[in-house]
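Asks: can't give you the sequence, but here's the structure:
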């Protein structure tokens, strides 16, 4: 079975632009979570979606938004990009307690 | 803050030696998980220990959990060069329909052949 997939792998944007990151969960997993990992730090929780509803939100500004589609795939949107948004964005899917992570999208904001 | 702390931040050992990493947290958890990350890529789940468990084994991995001290340790026995990676503990919190992981800053393990 395929694992969690994310696209794109790498992305370069300039300050003020908007970005959309995509995630496809493991087949059968209904929960998708997003994490931001800044270089040298552990991942930080952004959102959790379950059955297309937001179930949890971390301490991130309103510039960050997400949604989950009927096929359980998900998008993370970030508006008005700042230099500090440069990070590895990780998506994870789960069926129960264990979260399975995708390879991440490396976002660089110039 | 719910963030965990890992100790040490970096660890360098010879192949064949054991590696021990520690994790402490601040508030009661649902479970605690350990992950491995190679070269800033995706995280690989290693082991999950529930709050009512004290010790768990998986292959060369041994995890302990002391909820009274709010701490956990990961032991990798007979280390190999391929174990070189960053290791993170993640505390699982659930409530109000939400389930999220709070990660520590990680321990960078280098295994020298």
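Replies: Everything's here; your move. Computed from a predicted model, the values in this text were never measured in an experiment.
Asks: and the lengthiest strand in chain B, which strands flank it?
Replies: Taking DSSP state E as the criterion, chain B has its longest strand at strand B:85-95. Strand B:85-95 pairs in its sheet with strand B:31-37 (antiparallel), strand B:98-103 (antiparallel), strand B:107-112 (antiparallel), by DSSP bridges.
Asks: ok, residue 30 - contacts?
Replies: Assuming you mean chain A. A:50, A:51, A:72, A:95 (Cβ atoms under 8 Å, 6 or more residues apart in numbering or on different chains). (C-beta placed from N, C-alpha, C; glycine too.)
Asks: that answer is for a different chain, and I need it for chain B
Replies: Contacts of residue B:30 (Cβ under 8 Å, 6+ apart): A:97, B:50, B:51, B:92, B:93, B:94, B:99.
Asks: need the contact list for residue B:89.
Replies: Residue B:89 neighbours (Cβ under 8 Å, 6+ apart): B:4, B:6, B:21, B:23, B:25, B:32-35, B:72, B:74, B:103-104.
Asks: returning to that earlier point: how about the longest strand of chain B: buried residues?
Replies: Buried residues in strand B:85-95, defined by neighbour count with 16 or more other Cβ atoms under 10 Å in any protein chain shown: B:85, B:86, B:87, B:88, B:89, B:90, B:91, B:92, B:93.
Asks: out of those, which is nearest to chain A?
Replies: residue B:88 (5.2 Å; Cβ to the nearest Cβ).
Asks: show me the contacts for the closest one.
Replies: Contacts of residue B:88 by Cβ under 8 Å, 6+ apart are A:42-43, B:6, B:34-37, B:43, B:103-107.
Asks: scan the residues you listed and report the most crowded one.
Replies: The member of the contacts of residue B:88 that has the most neighbours, counting by other Cβ atoms under 10 Å in any protein chain shown, is residue B:43 with 30 neighbours.
Asks: so that one versus chain A, what's the distance?
Replies: 4 Å (Cβ to the nearest Cβ, to the nearest Å).
Asks: kindly state the beta-bridge partners for that residue.
Replies: residue B:37.
Asks: for residue B:82, grab phi and psi.
Replies: phi -70, psi -10 (degrees, to the nearest 10).
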